[in-house]
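>>> Sequence and predicted structure are below.
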Amino acid sequence: MTLFLVETSCSLIGWLFLYILLCDVNRKRNAEWNCRLITLIHGVLIVLLTAYIGFVDGPWPFTDVGSENTPLQILALLLSLGYFLFDMAWCVYFRTEGPVMLAHHTLSILGIVCALGMGESGIEACAVLFGSEITNPLLQARWFLKQMGRYDSLSGDIVDLLFITLFACVRIGVGGRMLYCELASPKPKLVMKVGGVAIYALSCVFMVDIACFACRKTCGKYRRWQEQKKLNNANGHTRVLK
């Protein structure tokens, strides 16, 4: 327990130190800009690390759920645990996120703590981290584009399309398969199975919000296209009359 607390504290302090460093370097930027940089760094780092764990180091998460944690899995989980504790505290302090995102952070923290505490199920925890964080860089790119006034462009449309596609395919599609393997196997503890259901249910809530956003954006673009078409036709008709 003492070692676990020390390792978690080191991870948390590391992310906090990086945030302070970014705040010092980017003094002209606000706190959220630097926090989102931390989120982007964590997302890229964890996606690369968990991808290596799942596809190279092993074991395969769809067949070896509930297996004993490896040193690399423990490293990935500790890095993410420190980050989620930092980001949770930041969000609560600045009041930037709603209950759904705070619930996601809480479930992530509890799931990682359980996997580390039991010494098993690290592979499915890493798989969930991979699926959860693979869309994160796109989400942050969307926010940065908005801040720079470049969101209403082709770049913004591409980022949104990639985000929606990845979320639906990975978090809902592949995530559903991962949840089935978790529930069907007798090896994982009940707490991990319950946690898996909760995380997937939360992803479905996010998916509904994303689908509503996609419909609103598509309808808005279609209306603007129609209005522009009518305006162009009217201008053309006016030129013919002249």
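That came in fine, so what should we check first? Numbering: from 1, shown residues only.
>>> State the mean pLDDT of the helix ranked longest in the chain.
Longest helix in the chain by number of residues, with DSSP state H as the criterion: helix 190-241. For helix 190-241, mean pLDDT is 81.
>>> That one packs against which elements?
helix 99-118, helix 122-133, helix 154-166, helix 175-184 (3 or more Cβ pairs under 8 Å, 6 or more residues apart in numbering; DSSP states H and E). (Glycine included, C-beta is placed from N, CA and C.)
>>> Out of these, which is closest to A76?
helix 122-133 (5.4 Å; Cβ to Cβ).
>>> buried set for whichever helix or strand comes after that closest one?
Of the helices and strands lying after helix 122-133 in sequence (DSSP states H and E), the nearest is helix 136-147. Neighbour-count burial for helix 136-147, counted by 16 or more other Cβ atoms under 10 Å, picks out N136, P137, L138, L139, Q140, A141, R142, W143, F144, L145.
>>> got CSV for the helices and strands packed on helix 190-241, with mean neighbour count and distance to L18 too?
As requested, those are exported to CSV (neighbours: other Cβ atoms under 10 Å; distance: least, Cβ to Cβ, whole Å):
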stretch, mean neighbour count, distance to L18
helix 99-118, 17, 18
helix 122-133, 26, 17
helix 154-166, 15, 24
helix 175-184, 17, 29
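>>> between the buried residues of helix 136-147, which is closest to G196?
Among the buried residues of helix 136-147, and counting by Cβ to Cβ, the member closest to G196 is N136, at 19.6 Å.
>>> what about H42, neighbour count?
By the criterion of other Cβ atoms under 10 Å, H42 has 22 neighbours.
>>> element containing the closest residue to it other than its chain neighbours?
Using Cβ to Cβ, 6 or more residues apart in numbering and skipping residues adjacent in sequence, the residue nearest H42 is Y83, 4.5 Å away. For Y83, the host element (DSSP H and E) is helix 71-94.
>>> quick one: contacts for G195?
Listed by Cβ atoms under 8 Å, 6 or more residues apart in numbering, the contact set of G195 reads L107, L110, G111, C114.
>>> let's see 10 Å
With contact set as Cβ atoms under 10 Å, 6 or more residues apart in numbering, G195 has these partners: 107-108, 110-112, 114-115, 121, 124-125, 128, 182, 188-189.
>>> Columns distance to C169 on top of those residues, output as JSON lines?
JSON lines is the format used below for the contacts of G195 (distance: Cβ to Cβ, whole Å):
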{"residue": "L107", "distance to C169": "22"}
{"residue": "S108", "distance to C169": "21"}
{"residue": "L110", "distance to C169": "26"}
{"residue": "G111", "distance to C169": "22"}
{"residue": "I112", "distance to C169": "24"}
{"residue": "C114", "distance to C169": "27"}
{"residue": "A115", "distance to C169": "25"}
{"residue": "S121", "distance to C169": "24"}
{"residue": "E124", "distance to C169": "19"}
{"residue": "A125", "distance to C169": "21"}
{"residue": "V128", "distance to C169": "15"}
{"residue": "E182", "distance to C169": "19"}
{"residue": "P188", "distance to C169": "24"}
{"residue": "K189", "distance to C169": "29"}
